[in-house]
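[1] I'd like to go over a predicted model; first the sequence, then the structure.
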Amino acid sequence: MKYSFLDIAPEVADALQNSRPVVALESTIIAHGMPFPDNVETALRCEAIVRQHGAVPATIAIVGGKFKVGLRQEEIETLGREGLKVPKTSRRDIAFILARKGNGATTVASTMIAARLAGIPVFATGGIGGVHRGAAETMDISADLQELARTNVAVVCAGAKAVLNLELTLEYLETHGVPVVGFQTDEFPAFYTRRSGLSVDYQLDTPEELAYALRVKWDTGIQGGVVIANPIPKAHAMNRESVEQAIEQAIHDADAQAVKGKALTPFLLARIEQITAGVSLQANKALVLNNAELAARVAAAYAALD
């Protein structure tokens, strides 16, 4: 019964059936993470990069009341054009969007759920959600973190979004037994910047090492995901001090406008883009494409283990 709400594109289904590598890609980054047309262009470039590195892309969204695993180009373009009109869909929202036969842009958490149902172990995104600044008062903690604790999908990301409390985010992941692995780094990247001053749990330097660690984890029955932290390329990394100033201003503006809940992260990212005159958007694009490449390489190495 659970698979009646799953619609896997033929190309993706064929790859999975024949044990070829597939990379899951989310859709909130299209509808809520970037402006049009940058969102559509970046999504299509991510898919192209995944193909260039030997894997099949599976961009995921809820379309017409089903998890669509592998969107057509026109569906990606529709998400990009409609933007914030498309409901941001996390774990708590899935059943209701499906029941209404609606459309939804999947977050890290809901994309992980769909990827697990489809049998896709590797997923590329920009940055995971986490513990928000001021969470001691607001209790604003992303559902992404609990999903990572329960769902067997590896998430390739440039760390957590820089607007978050990165130290508490890592503490939360540690408490729930989620490994944070740095790819060719011993330091947790901070989305727009390569360094945060915080350590990862382990450093691995090749896609093959990452793939084998995933296989060992899941074959031993240890449930839950893995964060593969992949720093933004040096050429696109932003100045840490200027990023922090922009974040503080964006948070101040969000507080002044009483922006909360689902709307907060999209507001902050858009405001930071304005404050940095578009530099943050270019960094966001670069890190997403970089993550898609690494995810494809890890997925290929993982499939080769079979």
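    The structure has been received and is ready for your questions.

[2] for the stretch 51-200 of the chain, which spans come out with low pLDDT?
    Residues of the stretch 51-200 of the chain meeting the criterion pLDDT under 70: none.

[3] Where do the helices of it begin and end?
    Secondary structure of the stretch 51-200 of the chain by DSSP state H, counting those that start in this stretch: the helices cover 73-82, 94-99, 108-118, 135-138, 143-150, 166-175.

[4] Redo these as a markdown table? Include distance to C46 and mean neighbour count.
    Yep, even glycine has a C-beta here, placed from its N, CA and C like the rest. Output for the helices of the stretch 51-200 of the chain, formatted as a markdown table (distance: least, CB to CB, whole Å; neighbours: other CB atoms under 10 Å):
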| stretch | distance to C46 | mean neighbour count |
| --- | --- | --- |
| helix 73-82 | 10 | 18 |
| helix 94-99 | 23 | 15 |
| helix 108-118 | 13 | 25 |
| helix 135-138 | 30 | 11 |
| helix 143-150 | 19 | 21 |
| helix 166-175 | 24 | 18 |
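
[5] Reformat those as a markdown table; add distance to V56.
    As requested, the helices of the stretch 51-200 of the chain are arranged in a markdown table below (distance: least, CB to CB, whole Å):
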| stretch | distance to V56 |
| --- | --- |
| helix 73-82 | 15 |
| helix 94-99 | 24 |
| helix 108-118 | 12 |
| helix 135-138 | 38 |
| helix 143-150 | 23 |
| helix 166-175 | 29 |
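
[6] check contacts around the closest residue to A124 other than its chain neighbours.
    Sequence neighbours aside, A295 is the residue nearest to A124 in space, at 3.6 Å (criterion: CB to CB, 6 or more residues apart in numbering). The neighbourhood of A295, defined by CB atoms under 8 Å, 6 or more residues apart in numbering, consists of 23, 50, 55, 122-124, 156, 228.

[7] hmm, 7 Å instead?
    Taking CB atoms under 7 Å, 6 or more residues apart in numbering as the definition of contact, the neighbours of A295 are 23, 122-124, 156.

[8] Which of these fall in strands?
    With strands identified by DSSP state E, the entries of the contacts of A295 that belong to them are 23, 122-124, 156.

[9] want to throw the residues you listed into a markdown table with neighbour count and distance to P179?
    Formatted as a markdown table, the entries for those read as follows, by neighbours: other CB atoms under 10 Å; distance: CB to CB, whole Å:
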| residue | neighbour count | distance to P179 |
| --- | --- | --- |
| V23 | 32 | 20 |
| V122 | 31 | 15 |
| F123 | 29 | 15 |
| A124 | 32 | 17 |
| V156 | 27 | 13 |
